[in-house]
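1. the sequence and its predicted three-dimensional model are supplied below.
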Amino acid sequence: MYMKTLIGLFAILILLASFSSCQKNVVDDFPNGFQNDSSYLKKVISFDTTRPAGLDTGIVHEYFYDNLKIVIKPLFTEYGVGGVQYTHTSRFYYLNVDTLPFKMVESAILIQTAALLILSQ
């Protein structure tokens, strides 16, 4: 009985020592500010797999940036059976190097009814 307790205690000590020695060191030297080598999202395309090839594009999101790599115009396009069905775009206006826009102009076009909406904030 004493031997079983000693073996169990020894096994627990070995397991604790092995788990505590496998801890990964925490590195806290993160880069500050913007990076020149960053990747920027250009386009996101979603497909409708129920449609035949060539007509399977469902929705496309495109993003346009200025020279400071700030989004100035996101474009949303929805495709239907006959091609483009709906388009929505926003245009952001910034003051100097501010990251929050002071003005936004939106426009939406529904192709089926040829309605044009222009909203401004």
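-> Noted; the coordinates are in hand.
2. tell me which residue is most central in the protein.
-> The geometric centre of the chain, computed from its C-alpha atoms, lies nearest to residue 41 (C-alpha atoms, centre = their mean), at 7.6 Å.
3. burial measure for the closest residue to that one other than its chain neighbours, as a count.
-> If the residues on either side of it in the chain are set aside, residue 41 comes closest to residue 63, at 5.5 Å by C-beta to C-beta, 6 or more residues apart in numbering. Just so you know, the C-beta spots here come from the backbone N, C-alpha and C atoms, and that holds for glycine as well. For residue 63, the neighbour count with other C-beta atoms under 10 Å is 14.
4. per-residue confidence at residue 63?
-> Model confidence at residue 63, given as pLDDT, is 94.
5. could you do the one 10 residues further on as well?
-> According to the predicted model, the pLDDT of residue 73 comes to 93.
6. how many other residues sit next to residue 79?
-> Other residues near residue 79 number 21, with proximity taken as other C-beta under 10 Å.
7. which secondary element of the protein has the worst mean pLDDT?
-> Each helix and strand of the chain was given a mean pLDDT (mean pLDDT, DSSP states H and E); the minimum falls on strand 115-120 at a mean of 50.
8. low-confidence regions, this structure specifically.
-> 1, 16-38, 112-121 (pLDDT under 70).
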